[in-house]
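>>> make a model of this:
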Amino acid sequence: MTPHTDPAHAHAPHAPEVRSEDDRIHTGKVVFVGVASLVIFFIASWIASSYYLTRRADHGPLPVPPEIGQSKIGLVEQTVFDLQVRGQRDRAARLERLSSFGWVDRDAGIVHMPIDRAMDLVAQGVRPAPDSLPQDATPGAQP
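Just a heads-up that it's a prediction; the model follows:
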């Protein structure tokens, strides 16, 4: 049987052969676009920097904000962490208070004593008299 007389191919049109293009990159066009982009970038940068320098010369130098040099601006620490000593000073002051005698309220006769001495006294069973405590304090309560 010939293809012309085959009933399966009788109504099928003859399809042309499909061809695909070769994959080619136009290197010249890619290089041109890259170089043109760089040239435009440098020209735009030169124009922007010239404009900035002209505007800066018209207005003079900017004033120095008064916050410069302060260790804390708003809630943000501005000092270098390695040079930060505020926490060490605070800790030293607290340790000094814990290891010294001093008045809490001279009028009421309330003093503070070194924590080690106070713990020794509590361990020995020595407690302050209830009438010597302030009115808002209770024996054994934590300050």
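
>>> if I pick Arg24, what's in contact with it?
The contact partners of Arg24, taken as CB atoms under 8 Å, 6 or more residues apart in numbering, number zero. In short, each C-beta sits where N, CA and C put it, glycine included.

>>> look up phi and psi at it.
phi -140, psi 140 (degrees, to the nearest 10).

>>> that one and Gly34, how far apart?
Distance from Arg24 to Gly34, counting by CB to CB, to the nearest Å: 18 Å.

>>> what's the answer for Arg91, then?
60 Å.

>>> what about the residue lying closest to Arg97 once chain neighbours are set aside, neighbour count?
Ranked by CB to CB, 6 or more residues apart in numbering and with sequence neighbours excluded, the top spatial neighbour of Arg97 is His112, at 6.9 Å. Neighbours of His112 under the rule other CB atoms under 10 Å: 14.

>>> dump the residue contacts of His112.
97, 100-104.

>>> so the residue nearest to the spatial centre of the chain bridges to which residues?
Per CA atoms, centre = their mean, the C-alpha nearest to the average position across the chain is that of Val76, at 10.2 Å. Beta bridges link Val76 to Ile73, judged by DSSP bridges.

>>> how is this structure divided into domains?
26-61, 73-129 (automatic domain parsing).

>>> could you export those domains as CSV, including mean pLDDT?
Formatted as CSV, the domains of the chain follow (pLDDT from 0 to 100):
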stretch, mean pLDDT
domain 26-61, 92
domain 73-129, 82
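
>>> any idea which of the ones you listed gets closest to Glu17?
domain 26-61 (26.7 Å; CB to CB).

>>> tell me how far the lengthiest helix in the chain lies from the chain's centre.
For the chain, the longest helix by residue count, based on DSSP state H, is helix 27-59. Distance of helix 27-59 from the chain centroid (CA atoms, centre = their mean, to the nearest Å) equals 33 Å.
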